[in-house]
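K.L.:
my questions are about this predicted structure, shown below with the sequence.
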Amino acid sequence: SFVNALTLDMSNAGAATFNAGATFGGNVVAEASNAGGTISLEISNSNGVATANNKAALFLSATGSEGSAARIESDFTGTANVNHAQDLVFYRVNLGSQPDEGMRLDSSGNLLVNGTNATGKLVVDGDANAYTARFNSSTTTGQAFGARVRAGTNSSDFAVLVENTSASPLFCVRGDGNVGISNSSPAYTLDVDSTIHIGNDGGSGFTQSRLILDCNHAGRAAGIFSHNQVNDTEWFFGNPYDTPDQFAINRLATASHSDSTANKIYSLVTVNSSGNVGIGTSSPNVHGWTKALSIDGGTSNSSAVELNQNGTKVGALSLQGDQRVQMVNHTANALTFHTNGIVNERVRIDSSGKLLVGQTSNSETGTGIGLVPDGTSHMYSDSTDTLMLGRGGSDGDILSFNKSGTTVGSIASRAGVVTTIVLNPA
């Protein structure tokens with residue numbers, strides 16, 4: 001409790017002046033008669049000689065006692081008369097308990113709020129279920145500013161660094177302008193070590209979510225890179241370098257990110273401005289089709305359009321390295337050709353190699369043509385000529401008969417009509 005040694009009554013709006021160098025051995029209390037507050041100045045060592053752990057304190061109390069008072073203390077710590085570190089400490093004083101430190105301005109100029117670990121010039125230790133710091137701007141339109149931070153201009157300088165309580169980085173802004181999310185060493189303007197989700201804006205326009213890549217040079221690329229650090233490969237999706245009015249999927253083997261992955265020479269798939277699609281070529285539709293799918297396997301390499309069903313190889317249209325075009329059925333089913341709809345089958349090659357025209361099975365009495373690999377081919381029509389043979393120009397053989405490579409007969413024309421039937425030319 002306080003014991004007043006000197007009391008000045010200020011009820012008549014007077015003023016109290018103490019001579020310079022006035023010394024008080026105890027508390028100095030100034031109190032107005034209409035109260036409102038008590039001010040207490042406590043000096044623990046009146047002769048000015050520094051001793052270990054000397055303190056000078058100012059108490060602010062609304063009750064006239066130390067209970068529920070605020071205390072401002074200058075703390076002289078260290079060995080007497082040698083290298084005294086002077087901290088200015090602000091306490092919350094509770095009756096019947098030790099003072100609760102609220103803020104400290106230490107001898108190095110660090111300001112600590114609610115804590116004692118000087119890890120920066122301003123350190124604020126928060127409490128549970130409360131924001132540690134909050135900045136409220138003005139509400140005046142056009143004049144409402146938040147926080148402004150200035151830092152160095154190098155990559156080793158941090159303007160902002162946000163960490164969790166485990167000291168793992170959450171967000172940072174470096175002096176070189178790079179921003180890191182979930183990392184403190186951003187190598188790019190925005191470097192994210194996590195997943196990015198772009199939500200919808202709820203708008204009524206053409207899109208509700210968007211990622212816009214803008215390029216202001218006619219020959220430069222714009223797109224997205226995907227680099228695999230294990231396989232040392234990088235993919236590019238977007239408008240390729242040197243032909244920006246295309247969309248391309250590129251691939252490059254590289255141990256680290258390379259902007260050259262965007263070069264069209266690495267394109268695997270290309271869609272040009274006319275809607276033509278190229279696989280293995282960046283210049284689809286070289287023959288001028290209205291629309292084309294161009295597949296280029298490269299020199300001496302094969303290429304194909306492969307047809308699979310549930311992971312099983314079924315068929316393909318392929319180009320071999322020797323420039324042979326193949327149509328392949330990998331099953332035991334027939335290969336069929338249709339016109340004017342799927343129901344109108346015109347030609348069939350069955351699993352045994354028979355070529356059937358107008359038939360779905362080899363029948364000697366069914367209308368159509370059957371060309372059989374063993375040579376027993378047939379033609380049948382139930383209402384018109386089965387076979388018509390003709391020859392233009394000069395007279396000569398219209399039909400020849402051959403046995404084991406030797407001609408054994410023929411039907412020939414003379415003077416425009418069939419006049420000669422040779423059955424055994426020998």
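P.N.:
Looks like it came in fine. Numbering: from 1, shown residues only.

K.L.:
who touches Phe236 in this structure?
P.N.:
Applying CB atoms under 8 Å, 6 or more residues apart in numbering, we find Phe236 in contact with 221, 223-226, 248-252, 261-262, 266. Placement of C-beta: from N, CA and C, glycine included.

K.L.:
for it, list each beta-bridge partner.
P.N.:
Note on Phe236: beta-bridge partners by DSSP bridges are Phe225, Asn250.

K.L.:
could I get the pLDDT score of it?
P.N.:
Listed pLDDT for Phe236 reads 98.

K.L.:
look up how far Thr195 lies from it.
P.N.:
Going from Phe236 to Thr195 by CB to CB, to the nearest Å gives 20 Å.

K.L.:
any chance of the contacts of Phe236 in CSV, plus neighbour count, pLDDT and distance to Phe158?
P.N.:
Listed next are these as CSV, based on neighbours: other CB atoms under 10 Å; pLDDT from 0 to 100; distance: CB to CB, whole Å:
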residue, neighbour count, pLDDT, distance to Phe158
Ala221, 24, 95, 32
Gly223, 20, 96, 31
Ile224, 11, 96, 28
Phe225, 17, 96, 27
Ser226, 12, 96, 29
Ala248, 26, 96, 38
Ile249, 17, 97, 38
Asn250, 26, 97, 36
Arg251, 15, 97, 37
Leu252, 19, 97, 34
Thr261, 23, 97, 31
Ala262, 26, 97, 32
Tyr266, 21, 95, 37
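
K.L.:
and the residues you listed as CSV, adding distance to Val162?
P.N.:
Listed next are these as CSV, based on distance: CB to CB, whole Å:
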residue, distance to Val162
Ala221, 33
Gly223, 31
Ile224, 27
Phe225, 27
Ser226, 28
Ala248, 38
Ile249, 37
Asn250, 36
Arg251, 37
Leu252, 35
Thr261, 33
Ala262, 33
Tyr266, 39
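
K.L.:
closest one of those to Ser274?
P.N.:
Nearest to Ser274 among the contacts of Phe236: Ala248, at 14.6 Å, using CB to CB.

K.L.:
Three-state assignment for that closest one, please.
P.N.:
Of the three states, Ala248 takes strand under DSSP: H, G, I helix; E, B strand; the rest coil.

K.L.:
wait, doesn't it sit right on Asn272?
P.N.:
No. The pair Ala248 / Asn272 is not scored as a contact, 9.4 Å apart, by CB atoms under 8 Å.

K.L.:
ok, so of the contacts of Phe236, who is nearest Thr312?
P.N.:
Ile249 (25.9 Å).

K.L.:
count of residues packed around the nearest residue to that closest one once chain neighbours are set aside?
P.N.:
Spatial nearest neighbour of Ile249, chain neighbours left out: Val269 (4.3 Å); criterion: CB to CB, 6 or more residues apart in numbering. Residues lying near Val269 (other CB atoms under 10 Å) number 17.

K.L.:
residue contacts, Val269?
P.N.:
Taking CB under 8 Å, 6+ apart, we find Val269 in contact with 248-249, 277-279.

K.L.:
SS state for the nearest residue to Gly396 once chain neighbours are set aside?
P.N.:
Nearest residue to Gly396, sequence neighbours excluded (CB to CB, 6+ apart): Ala412, at 5.9 Å. What three-state DSSP gives for Ala412 is strand.

K.L.:
mind checking how far Ala412 is from Leu387?
P.N.:
Using CB to CB, Ala412 is found at 17 Å from Leu387.

K.L.:
so between these two, which is more surrounded?
P.N.:
Comparing Ala412 with Leu387 by other CB under 10 Å, the one with more neighbours is Ala412, at 16 against 8.

K.L.:
so the more buried one is in contact with Ser394, correct?
P.N.:
No. With contact defined as CB under 8 Å, Ala412 does not reach Ser394; the gap is 10.8 Å.

K.L.:
show me where the stretch 201-350 of the chain has helices.
P.N.:
Counting by DSSP state H, counting those that start in this stretch, the stretch 201-350 of the chain has no helices at all.

K.L.:
which parts of it are strands?
P.N.:
Listed in chain order, the strands of the stretch 201-350 of the chain (DSSP state E, counting those that start in this stretch) span 222-228, 233-239, 246-253, 267-272, 277-279, 293-295, 303-309, 312-319, 325-329, 335-338, 345-349.

K.L.:
now those strands as JSON lines including distance to Asn154?
P.N.:
JSON lines is the format used below for those (distance: least, CB to CB, whole Å):
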{"stretch": "strand 222-228", "distance to Asn154": "26"}
{"stretch": "strand 233-239", "distance to Asn154": "29"}
{"stretch": "strand 246-253", "distance to Asn154": "31"}
{"stretch": "strand 267-272", "distance to Asn154": "39"}
{"stretch": "strand 277-279", "distance to Asn154": "46"}
{"stretch": "strand 293-295", "distance to Asn154": "50"}
{"stretch": "strand 303-309", "distance to Asn154": "52"}
{"stretch": "strand 312-319", "distance to Asn154": "57"}
{"stretch": "strand 325-329", "distance to Asn154": "62"}
{"stretch": "strand 335-338", "distance to Asn154": "69"}
{"stretch": "strand 345-349", "distance to Asn154": "73"}
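
K.L.:
for those, which one sits closest to Asn285?
P.N.:
strand 293-295 (5.8 Å).

K.L.:
of all the residues in the closest one, which ones are buried?
P.N.:
Using 16 or more other CB atoms under 10 Å as the test for burial, strand 293-295 gives 294-295.

K.L.:
which helices and strands sit right next to that strand?
P.N.:
Packing partners of strand 293-295 (3 or more CB pairs under 8 Å, 6 or more residues apart in numbering; DSSP states H and E): strand 277-279, strand 303-309.

K.L.:
mind listing what that strand pairs with, with the direction of each?
P.N.:
Paired with strand 293-295 in the same sheet, following DSSP bridges, are strand 277-279 (parallel).
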